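J.: structure for the following, please:
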Amino acid sequence: MQIKNTLSRRDFLRVSAGVTSVALLAACAPGAAPSGSGAAAPATGRVEITFMGWGATEEDEGVKAAIAQFESEQDTIKVTWLHTPENYLEKLLTDIAAGTPPDTAFVGSGDYRTFIRDGLLLDITDKLTADPLLGAEDYFIEPQERDRCTQDGKWYGIGSCWVAPHIYYNADIFAEEGIEPPSNDPEQAWTWDRFVEVAIALTRDVNGRHPNEGGFDPDNIDRFGVDWPHWSIPVHSAIVGNNGYWIDPNTGLLAIDQAPATEAIQNVADLVLKHRVNPAGTAMEALGMSNTQMLETGKLAMAIDGSWALSWMHKIAPTLGTAALPGMAAKTGTDMQAHLHSGFASTRHPEEAWQWLRFLSTPFYQTQFCRIGLWLPSQSDLMTEQGLQTWITEGVHPEGYVDIPTKFLPRYGRVLYMPPGWAEANQILQPAFDKIWIGDATAEQALAEAVPAANRVLQEAAEA
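T.: Next up is the predicted model:
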């Protein structure tokens, strides 16, 4: 999301950091007048802190429930929820530049490391490592939690949960066609060739022909075999399944021009361009239907979507199934994501901010979203047999779904959090991806041209 002013996003953040640092120094100086985000203690005697975040109705209600529970457990801290469902980043950056950031907030995976670089986030390393619960060995699923949360060994936030793409499928279609559906068990994940073979068998035009048959009409497809979206998280999942990287873990630079990544990206593009089993974006628009609606009406057999989509997909009338993604060179793989909860360095109430962040990383907050299919746990205890019973919900989570959070994610998931400069670098990459998706260039050709320029942006941002 771009800021609607004359500053680049990078300059905007740099200015924001400067303003925040000045506010922090003023607040720490002897006799300084109150400033910064933290409000004075309310009449009840509680210290008030703010918490800013986005979210639809379920997330809004969940945060409110968490605040009520948190405030019932202690009498010293009050949390004010700043629900910002639209233009979130723009509004947050505006508040930062004005010197009035919230005490605590949601921080997106694409912005987290930029915020760290610019000194905006509260260092919670000592608090977390000394905490008897959160600091315990393997309290979180590791090494993924540390991979996403730490920079140079320091913690500046804690992941809200985990989410990851997997397969959703209309089990009734598989039964009608006599095809064995894919498994939630990643050890039984399909190969890419098997996945394409099944997608072809499940795709048919209005005359009942399949893409590998003569006379197939690609302009009048009655049912598509699969929908694999072309945005970053599903595409990264394909790259992981081919043993590739989006960001090189050693250099912090883009690696999507390397063979494992370009092969995976091309395979995804070929679902539309070559195999004709996946609707193009224009086809989806023409149908005027979401992937959920297409699954329900039998216009789509399989959908690749994030685990969060289960919160609404479980409501479809046909029997819903889920499964691990197919693998290419690797057995399987997926992207692991989620926003983080962070405190801002300018808060006047760092101890209270920490106590709230800590509460958000206890089971109460996470399980309420896991029960409705919106989130997957990041806490190890919620993956045990006893822990699963607190959130796996009949009628929401399909049979065998426990293999997704307990096996698929921790064994085959890979974290992707974007480095500083990503917003500008992505502006260079996007036209290249557009060429790939419509077949104007291969993935190898398009990314060979775009990635070096995008990496120069990332290098400059890292050095800033």
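J.: what about residue 216, distance to residue 276?
T.: Separation of residue 216 from residue 276 (Cβ to Cβ, to the nearest Å): 7 Å. The C-beta positions use only the backbone N, C-alpha and C, and glycine is treated the same way.
J.: repeat that for residue 241.
T.: Applying Cβ to Cβ to residue 241 and residue 276 gives a distance of 22 Å.
J.: among these two, which residue is more densely surrounded?
T.: residue 241 (28 against 23; other Cβ atoms under 10 Å).
J.: so the more buried one touches residue 324, yeah?
T.: No - using Cβ atoms under 8 Å, residue 241 is not in contact with residue 324, being 9.6 Å away.
J.: tell me the residues that contact both of those two, please.
T.: 332, 334 (Cβ atoms under 8 Å, 6 or more residues apart in numbering).
J.: list the contacts for residue 222?
T.: Contacts of residue 222 (Cβ under 8 Å, 6+ apart): 204-206, 208, 299.
J.: my reading is that it lies in a strand. Confirm?
T.: Yes - applying DSSP: H, G, I helix; E, B strand; the rest coil, one finds residue 222 inside a strand.
J.: which non-adjacent residue is nearest it?
T.: residue 206 (4.9 Å; Cβ to Cβ, 6 or more residues apart in numbering).
J.: neighbours of that neighbour, just the number please.
T.: Applying other Cβ under 10 Å, I find that residue 206 has 11 neighbouring residues.
J.: OK, contacts around the most centrally placed residue in the chain?
T.: Closest to where the C-alpha atoms of the chain average out (Cα atoms, centre = their mean) is residue 337, at 3.5 Å. Contact analysis of residue 337 by Cβ under 8 Å, 6+ apart lists 109, 162-164, 233, 306, 415-416.
J.: inside strands: which ones of those?
T.: If you go by DSSP state E, the contacts of residue 337 have 306, 415 in strands.
J.: could the contacts of residue 337 go into JSON lines alongside neighbour count and pLDDT?
T.: Formatted as JSON lines, the contacts of residue 337 follow (neighbours: other Cβ atoms under 10 Å; pLDDT from 0 to 100):
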{"residue": "109", "neighbour count": "20", "pLDDT": "90"}
{"residue": "162", "neighbour count": "26", "pLDDT": "97"}
{"residue": "163", "neighbour count": "23", "pLDDT": "97"}
{"residue": "164", "neighbour count": "26", "pLDDT": "97"}
{"residue": "233", "neighbour count": "19", "pLDDT": "96"}
{"residue": "306", "neighbour count": "20", "pLDDT": "97"}
{"residue": "415", "neighbour count": "20", "pLDDT": "93"}
{"residue": "416", "neighbour count": "21", "pLDDT": "90"}
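J.: quick check: the farthest pair among the contacts of residue 337?
T.: 306 and 415 (14.7 Å; Cβ to Cβ).
J.: before we move on, which element is the closest residue to residue 135 other than its chain neighbours in?
T.: Nearest-residue entry for residue 135: residue 129, 4.8 Å, with adjacent residues in sequence omitted and distances by Cβ to Cβ, 6+ apart. If you go by DSSP states H and E, residue 129 is part of helix 125-130.
J.: mind listing what's buried along that helix?
T.: Under the neighbour-count criterion of 16 or more other Cβ atoms under 10 Å, helix 125-130 has 127-128 buried.
J.: packing partners of that helix?
T.: strand 154-155 (3 or more Cβ pairs under 8 Å, 6 or more residues apart in numbering; DSSP states H and E).
J.: those strands in the chain, which residues are they?
T.: 47-53, 77-83, 104-107, 150-151, 154-155, 158-159, 165-170, 204-205, 221-227, 300-306, 320-323, 334-336, 340-343, 413-415.
J.: rewinding a little: and the helix holding residue 129, average pLDDT?
T.: Mean per-residue pLDDT for helix 125-130: 98.
J.: got the contact list for it?
T.: 134-135, 153-155, 158, 354, 358.
J.: switch to 7 Å and redo it
T.: Applying Cβ atoms under 7 Å, 6 or more residues apart in numbering, the set of residues contacting helix 125-130 from outside is 134-135, 154-155, 354.
J.: can you get me a residue count around residue 344?
T.: Residue 344: 28 neighbours (other Cβ under 10 Å).
J.: isn't residue 443 up against residue 266?
T.: Yes - assessed by Cβ atoms under 7 Å, residue 443 is found in contact with residue 266 at 4.2 Å.
J.: so which of these two has more stuff around it?
T.: residue 443 (24 against 18).
J.: next, the contact list for residue 223, please.
T.: Residue 223 touches 202-204, 298-301, counting by Cβ under 7 Å, 6+ apart.
J.: tell me, how many residues neighbour the closest residue to residue 180 other than its chain neighbours?
T.: Closest residue in space to residue 180, ignoring its immediate chain neighbours: residue 174 at 7.5 Å, by Cβ to Cβ, 6+ apart. Residue 174 is flanked by 19 other residues according to other Cβ under 10 Å.
J.: same deal with residue 133?
T.: Neighbours of residue 133 (other Cβ under 10 Å): 12.
J.: quick one, phi psi at it?
T.: Main-chain torsions, residue 133, degrees, to the nearest 10: phi -100, psi -60.
J.: which residue sits closest to it, ignoring its sequence neighbours?
T.: residue 139 (6.5 Å).
J.: how much space between the closest residue to residue 347 other than its chain neighbours and residue 345?
T.: Spatial nearest neighbour of residue 347, chain neighbours left out: residue 103 (4.3 Å); criterion: Cβ to Cβ, 6+ apart. Per Cβ to Cβ, residue 103 is found 10 Å from residue 345.
J.: between those two, which is the more surrounded one?
T.: More crowded of residue 103 and residue 345, by other Cβ under 10 Å: residue 103, with 29 against 21.
J.: got the phi/psi numbers for the more buried one?
T.: Dihedral angles (degrees, to the nearest 10) for residue 103: phi -70, psi -40.
J.: now the terminal residues of stretch 382-395, how far apart.
T.: 19 Å (Cα to Cα, to the nearest Å).
J.: name the residues of it that are buried.
T.: 382-383, 387-388, 390-391.
J.: how far off centre is that stretch?
T.: 22 Å (Cα atoms, centre = their mean, to the nearest Å).
J.: state the mean pLDDT of that stretch.
T.: Stretch 382-395 comes out at a mean pLDDT of 96.
J.: do stretch 429-445 as well
T.: Per-residue pLDDT over stretch 429-445 has a mean of 98.
J.: mind listing what's buried along that stretch?
T.: 429, 432-433, 435-437, 441-444.
J.: quick check, nearest of those to residue 272?
T.: residue 437 (7.3 Å).
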